[in-house]
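[1] make a model of this:
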Amino acid sequence: MKINPYLNFNGNCGEAFQFYAKVLGGKDLRVMTFADAPPDMPVPPEVKNQVMHARFSVGSDAIMGSDSPGDRYNKPQGYAVSVHTDTPEDAERIFASLSEGGTVGMAIAETFFAKRWGMTTDRFGTHWMVICEKSM
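    I've put the predicted structure just below:
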């Protein structure tokens, strides 16, 4: 069994996934727009360039997402995507990139449980926690 995050956006999923794949070292980025739908699937003109489904892999994990139709989009709340790194330097680099243009909830720093840990909401509205754990 696998559990992977599926993120919803309000028209900027393609831009967000390009950015996330770059920051996280994602592989095999795939983006399908509503314009790519089969001809027998009616697509309103105002959403044809929005993302129907996007995904990329990081190691054995995947992050997926799409643009929600305007009346179905809900601002993200009550969750965070957690990124675990092997080194404090990677944690700091990823946190800095995700924080650019966003809002830092807790600056990345050493804690009693982690070499580095921080929380941020990126410029696309996605909540992130970045951690480099201490050995237990």
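[2] what residue lies at the spatial centre of the protein?
    Nearest to the mean C-alpha position of the chain, by CA atoms, centre = their mean, lies Tyr20 at 5.7 Å.
[3] list the contacts of that residue.
    Taking CB atoms under 8 Å, 6 or more residues apart in numbering, we find Tyr20 in contact with 26, 56, 63. Where C-beta positions appear, they are placed from N, C-alpha and C, glycine not excepted.
[4] can you count the residues close to the closest residue to the first one other than its chain neighbours?
    Spelled out, it's Gly26. With sequence-adjacent residues excluded and distances taken as CB to CB, 6 or more residues apart in numbering, Gly26 is closest to Phe56, at 3.6 Å. Burial of Phe56, expressed as a neighbour count using other CB atoms under 10 Å, amounts to 22.
[5] Phe56 contacts Ala62, doesn't it?
    Yes. Between Phe56 and Ala62 there is a contact under CB atoms under 8 Å: 6.9 Å.
[6] just the strands in this protein please.
    6-9, 27-33, 51-58, 61-67, 81-84, 103-109, 114-121, 127-133 (DSSP state E).
[7] run through who's touching the last one.
    Contacts to strand 127-133, defined as CB under 8 Å, 6+ apart, come from residues 76-77, 79-88, 90-91, 94-95, 98, 105, 108, 113-122.
[8] thanks again, I'm all set now.
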